[in-house]
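1. kindly return the folded structure for what I paste below:
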Amino acid sequence: MSLIENEGLGSVLKTEVPKVGLRHPFVMHSILAISALHLSRHCSEPRRQVYIDIGVRYHSNALTLFIPLLSDVTLENCDGLFACSFLVSSFSFALQCLDTQAPSILMSKVIEVFKLVRGTASIAASARPWIEQGDMRPILKLTQCAQRTALSRHVHEVHGRLEAIINHQADEHCPAQLSASTRAVVVRSTGHLLEIFDFSIASDNQAAILAWPAIIDAEYFQLLRQIEPMSLVTLAHYGAILHIMTSTWWMAGWGKFLVNVAAAYLNETVRSEITWPLGIVNDTSDT
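-> Next up, the predicted model:
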């Protein structure tokens, strides 16, 4: 099983994380959870569902032990908490048996996963000096993950698309009923997406795009809960960028999932603003 296609980081995940798991049961539960989910990708029914159920059970066990410790990060447990937060986030991305559920449930799942990404970043920030001294330090680096070369022709379009979206969202007449505070949150969130996309391209570090949920305003999540249309337009563009730039198995389909969730809530007028993301995730010409 490979969670990251970068050889150096992959080695840490395969050798050092299991060692941490021997010291911290919640990490071992997370390792078993993501492993079971990976096995499910290579099975047909009914065995596939058996592995999914096993993975969910181990995931639940991990969270039971993991969550109470988040308020007490120490030198002794920081490596375990950081490794587990990464595994928990990966599991949540991978668990995509979601498309048969109601849209309201789907949005809650999106917000839940985004908050897990923020949690990983929070642990890294609070315990960074300790983590940098230990074996988990390579995970601190937003290392490269394989780019979807078949869709790389779309990458050059992204900067211009995001700039256009920001200009449109910043226009106080589009839509006129949007409050100034809501508009500011949406514009900042889209601006952060543009900044982290530009950074990922400039540094040849495609994995950086995964950090967007960790750097946006917390208020943006409330807008998603309220199904605010402009926030959904930004979400759809993030989904399209993920689709273009990520190819790890646990992210497979997640970009398309985000675009489809956004599209499910938008009326025809606003839906026209996500024509490009919809085209990206449904493009089969290069596959």
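2. where does the stretch 51-200 of the chain have low pLDDT?
-> Along the stretch 51-200 of the chain, the model assigns pLDDT under 70 to residues 96-105, 139-153, 175-176.
3. residues touching T74, list them.
-> If a contact means Cβ atoms under 8 Å, 6 or more residues apart in numbering, then T74 has no contacts. Bear in mind the C-beta positions are built from the backbone N, C-alpha and C, glycine included.
4. oops, could you answer that again for L194 instead?
-> H159, L162, E163, I166.
5. try 10 Å this time
-> L194 is in contact with V158, H159, R161, L162, E163, I165, I166, H237, counting by Cβ atoms under 10 Å, 6 or more residues apart in numbering.
6. pull the residues that contact the helix or strand hosting the fifth one.
-> This means E163. In this structure, E163 is located in helix 155-170 according to DSSP states H and E. Helix 155-170 has contacts (Cβ under 10 Å, 6+ apart) with 147-148, 154, 174-175, 178, 182-184, 186-191, 193-195, 197-198, 200-201, 206, 209, 230-231, 233-234, 236-238, 240-241, 244-245, 273-274, 276-277, 280.
7. give me the buried subset of these.
-> For the contacts of helix 155-170, a neighbour count by 16 or more other Cβ atoms under 10 Å gives the buried set as 147-148, 154, 178, 182-183, 186-191, 193-194, 197, 200-201, 206, 209, 230-231, 233-234, 236-238, 240-241, 244-245, 273-274, 276-277, 280.
8. re earlier: so how far is the helix holding E163 from its chain's centroid?
-> Centre-to-centre, helix 155-170 and its host chain are 21 Å apart (Cα atoms, centre = their mean, to the nearest Å).
9. after it, heading C-terminal, what element do we hit next?
-> That would be, after helix 155-170 and using DSSP H and E, helix 180-202.
10. and the angle for that following helix with helix 155-170?
-> If you take axes from the mean of the first three to the mean of the last three Cα atoms, to 10 degrees, helix 180-202 sits at 170 degrees to helix 155-170.
11. and the next helix or strand after helix 180-202, what does it pack against?
-> Proceeding N to C from helix 180-202, the next assigned helix or strand is helix 212-215, under DSSP H and E. Helices and strands touching helix 212-215, as assessed by 3 or more Cβ pairs under 10 Å, 6 or more residues apart in numbering; DSSP states H and E, comprise helix 103-131, helix 180-202, helix 229-245.
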